[in-house]
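In: got a predicted model here, sequence first, then my questions.
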Amino acid sequence: MTWDEDRAGAGVRRELDRVDVPPSRIDPGAVLIAGRRAERRRRRLTVTLAAATVLTIGLGSAVALGRDGSGRGMDEVVDRPSPGPTETRAVPTVDQVRVRVSANPADCTTEQYDTPGDAYFPSLGAVDPSGRFLAGTSSVGDWRNKGFRTYLVIWDRGKANLVELSRAFQATVTAINSAGVAAGNRWDGVNRPDVPWVYRDGQVRNLPLPDGYRDVRPVAVDEAGEILGVARGDGDEAVLVRWDAAAQSPPRVVVKPVGAFLGWAPDGTVTDRVNLTGEKAAVRISRPDDGAVVQPAAPGWHFRWGEPVRGDWLAGTVWGIGAEKSSPAQWNVRTGRLTVFLGLDTHRLDTVVTDRNGRLLVSTPRQGWFLVGPDGSARPIPRSLTGERQLRRVLFDDAGRIYGAAFDENGRQWPVVWQCR
């Protein structure tokens with residue numbers, strides 16, 4: 001297999017992982033969309049926005065360093081941070097916590113959101129920190145008679161608003177703030193890059209592209225309405241760009257280059273994943289005008305696909321510790337400490353998410369869903385809250401509410417919100 005074929009195959013596998021397939025009565029329109037999407041990604045492998053997503057890949061063993069970070073100069077960091085002093089830390093300290101599974105399920109209350117009848121199987125994409133707004137996208141329900149089209153679905157306190165994304169064969173929503181300003185990408189079905197868009201005051205419009213860049217993916221919207229995005233030009237280097245709140249003019253480059261985007265704090269701190277020499281992964285925390293900290297990953301650490309930093313936490317799995325094939329784990333990117341929870345086996349599926357307080361939501365193929373506290377206490381989540389299948393996307397707001405999906409026997413999907421104490 002050539003390098004290009006291998007990279008294309010990885011891109012196709014990544015895209016197929018994004019497609020939510022109904023548990024029964026498979027819709028041919030959804031299958032066609034998935035196939036065309038995969039084919040488009042094959043054609044566009046050289047300009048893919050891999051730097052804007054967190055890939056579910058094995059990261060291997062990190063290189064051992066002195067505890068003061070000695071032993072690696074910045075000439076060994078492939079993705080260089082923005083100007084300023086850089087501290088490179090040692091490989092994280094690994095703590096092992098034995099999970100204690102309770103016989104009593106978690107105490108949860110639930111609310112199911114309505115979905116307009118014309119929106120078939122909506123896929124959740126983003127929730128604002130306050131939990132007021134939830135955003136997703138959906139293909140048209142009656143595609144045979146109405147043709148292919150894509151909707152943006154915005155739930156405001158549970159009430160759905162449907163907005164057609166014109167000239168969009170498929171679309172994603174990647175971010176929304178507490179004022180309901182959302183951003184994402186759409187593709188018109190031909191062989192050209194996705195178009196970034198912003199939704200504000202009930203209207204969707206395209207975002208202007210930065211000079212010299214074609215592939216642009218919005219990744220965050222702050223409370224002032226400013227939008228952060230990852231842009232890629234003709235080469236492999238990605239940069240971080242920022243639109244002002246009006247978004248009438250091209251964005252400015254704020255970090256060059258940038259790795260896989262993980263988070264953007266209100267003070268301007270950017271967290272991204274970078275590669276060290278030998279394809280060893282690390283997390284970089286870049287503070288405005290105050291340099292950066294590079295924290296190498298622990299051996300065997302695997303990121304959950306597309307999962308951002310929540311507070312100080314990243315969720316994932318670790319292979320090769322204990323009797324399980326893979327154990328849920330959380331990484332504190334501020335302190336560098338990694339905690340592995342032994343006793344739950346995710347079977348090398350990256351179905352672990354975290355809230356900003358360090359609670360984990362873990363899905364295991366054989367035992368179901370668990371809410372795991374930092375001390376290792378684990379309580380089952382009632383299956384009625386999560387349907388009969390694995391969820392592709394689970395979201396948290398800052399209050400710890402969990403956003404997932406419920407399913408009926410025909411494969412239709414509705415958002416469900418649950419609060420577990």
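Out: Arrived safely.
In: which parts of the stretch 101-250 of the chain are helices?
Out: Taking DSSP state H, counting those that start in this stretch to define them, one finds helices in the stretch 101-250 of the chain at 143-146.
In: quick one, strands of it?
Out: Ranges of strands in the stretch 101-250 of the chain, per DSSP state E, counting those that start in this stretch, are 108-112, 119-127, 133-140, 150-156, 159-164, 170-176, 182-187, 195-200, 203-206, 215-221, 227-232, 238-243.
In: now do the buried residues in the first one.
Out: Right, the one you point to is strand 108-112. Cys108 (16 or more other C-beta atoms under 10 Å). Backbone N, C-alpha and C define where each C-beta goes, glycine included.
In: which strands and helices sit next to it?
Out: strand 413-420 (3 or more C-beta pairs under 8 Å, 6 or more residues apart in numbering; DSSP states H and E).
In: and the strand it packs on with strand 133-140, angle?
Out: 160 degrees (axes from the mean of the first three to the mean of the last three C-alpha atoms, to 10 degrees).
In: rewinding a little: take the strands of the stretch 101-250 of the chain and write them to a markdown table, including distance to Val333 and mean pLDDT.
Out: Shown next, in a markdown table, are these (distance: least, C-beta to C-beta, whole Å; pLDDT from 0 to 100):
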| stretch | distance to Val333 | mean pLDDT |
| --- | --- | --- |
| strand 108-112 | 28 | 88 |
| strand 119-127 | 21 | 86 |
| strand 133-140 | 26 | 91 |
| strand 150-156 | 30 | 94 |
| strand 159-164 | 35 | 92 |
| strand 170-176 | 20 | 94 |
| strand 182-187 | 24 | 95 |
| strand 195-200 | 27 | 96 |
| strand 203-206 | 34 | 94 |
| strand 215-221 | 16 | 94 |
| strand 227-232 | 18 | 94 |
| strand 238-243 | 18 | 94 |
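In: how about a markdown table for these, with distance to Pro296 added?
Out: Output for these, formatted as a markdown table (distance: least, C-beta to C-beta, whole Å):
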| stretch | distance to Pro296 |
| --- | --- |
| strand 108-112 | 37 |
| strand 119-127 | 29 |
| strand 133-140 | 34 |
| strand 150-156 | 39 |
| strand 159-164 | 43 |
| strand 170-176 | 27 |
| strand 182-187 | 31 |
| strand 195-200 | 32 |
| strand 203-206 | 39 |
| strand 215-221 | 23 |
| strand 227-232 | 22 |
| strand 238-243 | 21 |
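In: helix/strand/coil for Val258?
Out: Secondary structure state of Val258, per DSSP: H, G, I helix; E, B strand; the rest coil, is coil.
In: quick one: it and Val241 touch, right?
Out: No: checked against C-beta atoms under 8 Å, the pair Val258 and Val241 is beyond contact range at 9.3 Å.
In: and Thr277, its phi and psi?
Out: Phi and psi for Thr277, reported as degrees, to the nearest 10, are phi -50, psi 140.
In: for Ala175, see how far away the nearest residue to Ala245 once chain neighbours are set aside is.
Out: Nearest residue to Ala245, sequence neighbours excluded (C-beta to C-beta, 6 or more residues apart in numbering): Gly225, at 3.7 Å. Separation of Gly225 from Ala175 (C-beta to C-beta, to the nearest Å) stands at 11 Å.
In: which of the strands of the stretch 101-250 of the chain sits closest to Arg379?
Out: Of all the strands of the stretch 101-250 of the chain, strand 108-112 sits nearest to Arg379, with 9.3 Å by C-beta to C-beta.
In: so which residues make contact with the closest one?
Out: Residues outside strand 108-112 that contact it (C-beta atoms under 8 Å, 6 or more residues apart in numbering): 158, 381-382, 385, 406, 414-421.
In: of the strands of the stretch 101-250 of the chain, which is nearest Ile321?
Out: Smallest distance to Ile321 across the strands of the stretch 101-250 of the chain (C-beta to C-beta): 29.7 Å, for strand 108-112.
In: alright, calling it a day.
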